[in-house]
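> need a 3D model of the following:
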Amino acid sequence: MKIIVITGASSGIGAEFARQLDRKVSDVEEFWLTARRKGRMEKLAKELKHPVRIFAEDIRNQSFYEELEHQLKINEADVKMLINCAGYGIVGSVENRSKEELLGIVDVNCKALTAVTMLCLPYMRRNARIVQMASSAAYLPQPGFAVYAASKSYVLSFSRALSEELRKRGIFVTAVCPGPVDTEFFKRAEQYGATYGFKKYFRMHARDVVEKAIRAAGRKQPVVTPGIAMKGFLVLTKLVPHEILLRVMRHLK
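Numbers count the residues shown, from 1 in each chain. Prediction:
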């Protein structure tokens, strides 16, 4: 069975990947969507022309990994695309947030992404694609958003290394590093405080981010940074020492 697997599919970027790929792909038999909010995914499934299989469970749970692995095996899955969108962040200093909150970010953004990738890899063939949602936050440490930025640095580094490891198998990995995206992400991230105010001027629509990500994956690009502003930010982080940039950031809030 030829499938596309999308994590974090109940809203935002994950749901947008499902909508756009539903229109673009013709050689896939099912979309496998995973997130905690079953109702959201059921509503999304009604929009899609492809059959949808829903995994409504916390992506951190061992029971989810066991069920995914079981379904991949019994369906003799051929994973054409894996799109890891599940992730979140919380604004605030490390000392003022709970251990559970911050370790949860690591569990979802790093551990779960790695686990799902490893589970799907045995079921991927030549010309399969893996799309990992990183962030432009991966390019520079983010005081007040420290664990989130560090987790996305992991995703970027992991994705680039995995891209090289899988080259001989003809499987291509793309890390997507957008800036702020206009989704529900900030409702959760800013529950205790606001991030840098200037970020609101650079927010992109999920539709545009996903279009660029799909195009980059088709072109076998290992990394894509959507948006002119974030491309400029990437260049800045390469040319200017991080110590100087961090000093400037102290005065921006």
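
> need the contact list for K38.
Going by C-beta atoms under 8 Å, 6 or more residues apart in numbering, K38 touches I54, A56. Using the backbone N, CA and C atoms, a C-beta is placed for each residue, glycine as well.

> let's see it at 10 Å
S10, I54, F55, A56, E57 (C-beta atoms under 10 Å, 6 or more residues apart in numbering).

> and what of V173?
Shown in contact with V173 (C-beta under 10 Å, 6+ apart): 82, 117, 128-132, 158-167, 217, 220-223.

> looking at this, it is in a strand?
Yes: per DSSP: H, G, I helix; E, B strand; the rest coil, V173 lies within a strand segment.

> measure it to T117 for me?
In this structure, V173 and T117 are 9 Å apart, going by C-beta to C-beta, to the nearest Å.

> anything in contact with each of those two?
L82, I130, Q132, F158, S159, L162.

> low-confidence stretches in the protein?
Within the chain, the segments meeting pLDDT under 70 span 183-202, 251-253.

> returning to that earlier point: among the contacts of V173, which ones are in helices?
When the contacts of V173 are checked against helices (DSSP state H), the matches are T117, F158, S159, R160, A161, L162, S163, E164, E165, A217.

> report the buried members of the residues you listed.
Among the ones in helices among the contacts of V173, those classed as buried by 16 or more other C-beta atoms under 10 Å are T117, F158, S159, L162, S163, A217.

> residues in contact with the last one?
Spelled out, it's A217. Taking C-beta under 10 Å, 6+ apart, one finds M81, I83, R129, I130, V131, F172, V173, T174, V176, V224 in contact with A217.

> go again using 7 Å as the cut-off
Contact analysis of A217 by C-beta atoms under 7 Å, 6 or more residues apart in numbering lists R129, V131, F172, T174.

> same thing with the first one?
Contact analysis of T117 by C-beta under 7 Å, 6+ apart lists L82, N84, I130.

> tally up the residues packed near the second one, please.
Read it as N84. If you count neighbours by other C-beta atoms under 10 Å, N84 ends up with 27.

> what does it show for phi and psi?
Main-chain dihedrals, N84, degrees, to the nearest 10: phi -90, psi 100.

> surely it and A134 touch.
No: counting by C-beta atoms under 7 Å, N84 does not reach A134; the two are 9.6 Å apart.

> now the helices: where do they sit in the stretch 51-200 of the chain?
62-74, 99-106, 113-120, 146-165, 185-189 (DSSP state H, counting those that start in this stretch).

> of the ones you listed, give the one that comes closest to T237.
helix 146-165 (11.4 Å; C-beta to C-beta).

> that older thread, now the contacts of T117 in JSON lines, with distance to Y123?
What follows is the contacts of T117, written out as JSON lines (distance: C-beta to C-beta, whole Å):
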{"residue": "L82", "distance to Y123": "9"}
{"residue": "N84", "distance to Y123": "15"}
{"residue": "I130", "distance to Y123": "12"}
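
> which of those residues lies closest to F64?
If you rank these by distance to F64 using C-beta to C-beta, N84 comes first, at 13.6 Å.

> so what's the closest one up against?
Shown here is N84, whose contacts under the criterion C-beta under 7 Å, 6+ apart are T7, L113, V116, T117, Q132, M133.

> check the gap between it and G14 for me.
Computed as C-beta to C-beta, the N84 to G14 distance reads 9 Å.

> got any residues that touch both of the two?
Both N84 and G14 are in contact with T7, where contact means C-beta under 7 Å, 6+ apart.

> so S151 makes contact with C110?
Yes: assessed by C-beta under 7 Å, S151 is found in contact with C110 at 5.2 Å.

> compare the two (neighbour count), which wins?
Ranked by neighbour count (other C-beta under 10 Å), S151 and C110 place S151 first, with 25 against 19.

> okay, that one and D182: tell me how far apart.
21 Å.

> same check, this time on E95
Counting by C-beta to C-beta, the gap from E95 to D182 is 30 Å.

> neighbour count: the two, which is higher?
Neighbour count, other C-beta under 10 Å: between E95 and D182, D182 has more, with 15 against 5.
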